[in-house]
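**Student:** Just need the structure, nothing else, for what follows:
(4 chains)
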2 protein chains.
Amino acid sequence: MQKSLSRAEKRQQKLDVILRNASKAFMERGYYKTSLDDIARMQNVTKPTLYYYIKNKEDILVKCEEVTCGRINEMLDDVMAEKVSGYDMLYNFITRYIPIITDDVARCHVRHRGQMEDPALAEKSIQNHKDIENRVREIIRRGIKDGSIRDCNSTILAILLFDSLNGLTSWYKSDGPVKEDELTSEVLKLVTEGVTGS
Amino acid sequence: MQKSLSRAEKRQQKLDVILRNASKAFMERGYYKTSLDDIARMQNVTKPTLYYYIKNKEDILVKCEEVTCGRINEMLDDVMAEKVSGYDMLYNFITRYIPIITDDVARCHVRHRGQMEDPALAEKSIQNHKDIENRVREIIRRGIKDGSIRDCNSTILAILLFDSLNGLTSWYKSDGPVKEDELTSEVLKLVTEGVTGS
DNA sequence: TTATAACGTTACTCGATAGTAACATATTTT
DNA sequence: AAAATATGTTACTATCGAGTAACGTTATAA
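**Tutor:** Next up, the predicted model:
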């Protein structure tokens, strides 16, 4: 039991707990139906304590977004650095995107993306997502160029892909009947081959 | 200028206008950021007047759902009555689902489905959607049986399909750069053939 | 023409909750 | 040990908005 975590580390850990608990509550009851008192109670603290870690209620959404987009972009850096076909890149992206997006904080971010009341924050949030979408479009374009992906409208494909993947967040439960492996492989098969029968 | 609309007709028309205006506002600003005063103002009436047409704020969501699910189910009755392959049925469903779902009232329903505060209403809303999803799964199963659709997990496919289609509601604008025809054909090609290149 | 129901208004109540002020305690650092 | 800072509390303010009461006014029907 080492207690020798620095203050900054403990602080960070507590913030993480707040984000996780808040995300969970927002996903179950919705942002507006969840009060800061509710969230505080989940940590066994009182509401003003939260303000030591967050600027205001909206800031929780902003921080969930920072964490999630950070993870996705790191993953994309990694995936796009490999010297493989566009199709393989897309395949790797999907495979690695699913476990990232089925986390509570990520689900919370997806559900509330671009919905901040402060217009500047909302704008930034939308831009964050567009940036990620653009990177995926770049993958698709490479695939079309090298012939590994069918010639299609990369914008529409990217959007449809994100819609299905992000849609997972509203129904997929890691403890539910569908296993993550099966889910990933069904998604990949659908994206790859479509539905057409033999 | 015939003024001879029955009371019931005029009443229905006014309700429709309320639903359209409310849906639009809910989609732009969100449900909780839109007050009943805001909605009333859009009709040039005052808040209490709304209560002549709706039971309460939530009832707007319920009524949007009734209208939309009604339309979808009628369409499904129609599509499923035809004597064609499962694949063709799915194709027809998608083609006809897109124009239905890109209407403001339908978009409002999709975005708020299952989010009523009254648990009984929320439950019913979720059930309504499950019923529709089950009918589409039935189409998919028929397609798998007759060989026109690849053998796959019909549940996951139905969900992924609805995710992409319903996802349209959050970005597709009928006056935007993407034409409905192009959208429909890209969606169909993706669902049919997947992304794989030649 | 009068009675009744439909439709609308103004002016209020009442609860919820985000955010804050002021104060208490623990923990580091000097 | 004393000073400074981090972390927490209780008790409050202030606002917003859903829903309602009470009261006109218009249109239909007897």
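**Student:** Just to check, residue A:196 is in contact with residue B:149?
**Tutor:** Yes - assessed by Cβ atoms under 8 Å, residue A:196 is found in contact with residue B:149 at 7.1 Å. Every residue, glycine included, has its C-beta placed from N, CA and C.
**Student:** These two: which is more packed in?
**Tutor:** Each of residue A:196 and residue B:149 has its neighbours counted (other Cβ atoms under 10 Å in any protein chain shown); residue B:149 has more, 26 against 14.
**Student:** any residues in contact with both of residue A:196 and residue B:149?
**Tutor:** Taking Cβ atoms under 8 Å, 6 or more residues apart in numbering or on different chains as the contact rule, residue A:196 and residue B:149 both touch residue B:87.
**Student:** And residue A:134, how far from residue B:144?
**Tutor:** Computed as Cβ to Cβ, to the nearest Å, the residue A:134 to residue B:144 distance reads 37 Å.
**Student:** of these two, who's got more company?
**Tutor:** residue B:144 (19 against 13).
**Student:** same for the host helix or strand of that one, what does it pack against?
**Tutor:** Take DSSP states H and E as the rule and residue B:144 turns out to sit in helix B:119-145. Counting contacts by 3 or more Cβ pairs under 8 Å, 6 or more residues apart in numbering or on different chains; DSSP states H and E, helix B:119-145 packs against helix B:57-81, helix B:86-101, helix B:154-171.
**Student:** what angle separates that helix from helix B:154-171?
**Tutor:** Here helix B:119-145 runs at an angle of 120 degrees relative to helix B:154-171 (axes from the mean of the first three to the mean of the last three Cα atoms, to 10 degrees).
**Student:** For helix B:119-145, list every residue counted as buried.
**Tutor:** Using 16 or more other Cβ atoms under 10 Å in any protein chain shown as the test for burial, helix B:119-145 gives B:121-122, B:125, B:128-129, B:132, B:135-140, B:142-144.
**Student:** ok, and the closest non-adjacent residue to residue A:142?
**Tutor:** Computed as Cβ to Cβ, 6 or more residues apart in numbering or on different chains, the closest residue to residue A:142 that is not its neighbour in sequence is residue A:86, at 3.8 Å.
**Student:** Might one say that the one you found is in contact with residue A:137?
**Tutor:** No - taking contacts as Cβ under 8 Å, residue A:86 lies outside contact range of residue A:137: 10.9 Å.
**Student:** ok so, going back, does the helix holding residue B:144 reach DNA strand D?
**Tutor:** No - applying Cβ under 7 Å from any atom of the strand, one finds helix B:119-145 out of contact with DNA strand D, separated by at least 11.8 Å.
**Student:** Hey, what's the angle from that helix to helix B:57-81? Just curious.
**Tutor:** 20 degrees.
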